[in-house]
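**Student:** let's see this in three dimensions:
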Amino acid sequence: MEELRLPWSNREGLLYGGIIALITAFIMSTLNIAQNNGCLDAEVLKTSLSSLPFIWVVVMLLMTFVVGRIANAGVRKFTEPTDGFNTRIVFNIIFCVTMMSASMSLLGPLVGEILSGNITGDCLNDWSSRWPTNFFAAFWVEMLLAQPIARGAMKRLHIRNLSKINGGAVNE
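**Tutor:** Numbers count the residues shown, from 1 in each chain. This is a model prediction of the structure:
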């Protein structure tokens, strides 16, 4: 039987990736906006929520067409077919978080400038100081929140679908 915690189809992959991207994009954009403003307040949350759809689309496109492909190749290169589920997930998270945090540490502030209409290019100068913080925060967001929630959603979806097929009986 296939792994219940991972997507079985492209459609499920979109749902799985969408959940991870939504959680991570919201937390990371809120963190970065709060750092730029010096505090976390209602205005920061409003800005983060209003920019979330745009950031989510950028993250999904980047993940689907660039980062996901490179991460999958890296996981295949550094793991063996006999390696366990957790080993493969941790390697995937390391590859994805490294590339996404590096990319979004550059693109996020640029998107912020575009959305605010105040394009100065200053955001490019701060990348080297922003990226380590973003990597560290995104790694733990992925490990402790986004990935477990997405895997839980996949497992619930698969159990529900299998129970329909098997008349209510599913072995986890």
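**Student:** helices of the protein, start to end?
**Tutor:** Using DSSP state H, the helices found in the chain span residues 10-37, 42-62, 68-78, 85-116, 127-141, 147-165.
**Student:** so what does the helix or strand bottoming out on mean pLDDT in the chain touch, helix or strand wise?
**Tutor:** Within the chain, judged by mean pLDDT, DSSP states H and E, the helix or strand with the poorest mean is helix 85-116; its value is a mean of 89. Using 3 or more CB pairs under 8 Å, 6 or more residues apart in numbering; DSSP states H and E, the elements in contact with helix 85-116 are helix 10-37, helix 42-62, helix 68-78, helix 127-141. All C-beta spots, glycine's among them, are computed from the backbone N, C-alpha and C.
**Student:** now the ones you listed in CSV, with distance to residue 150, mean pLDDT and mean neighbour count?
**Tutor:** As requested, the helices and strands packed on helix 85-116 are exported to CSV (distance: least, CB to CB, whole Å; pLDDT from 0 to 100; neighbours: other CB atoms under 10 Å):
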stretch, distance to residue 150, mean pLDDT, mean neighbour count
helix 10-37, 4, 93, 18
helix 42-62, 13, 92, 16
helix 68-78, 14, 96, 14
helix 127-141, 12, 94, 16
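**Student:** do you know which of these lies nearest residue 95?
**Tutor:** With CB to CB, the closest approach to residue 95 among the helices and strands packed on helix 85-116 belongs to helix 68-78: 3.8 Å.
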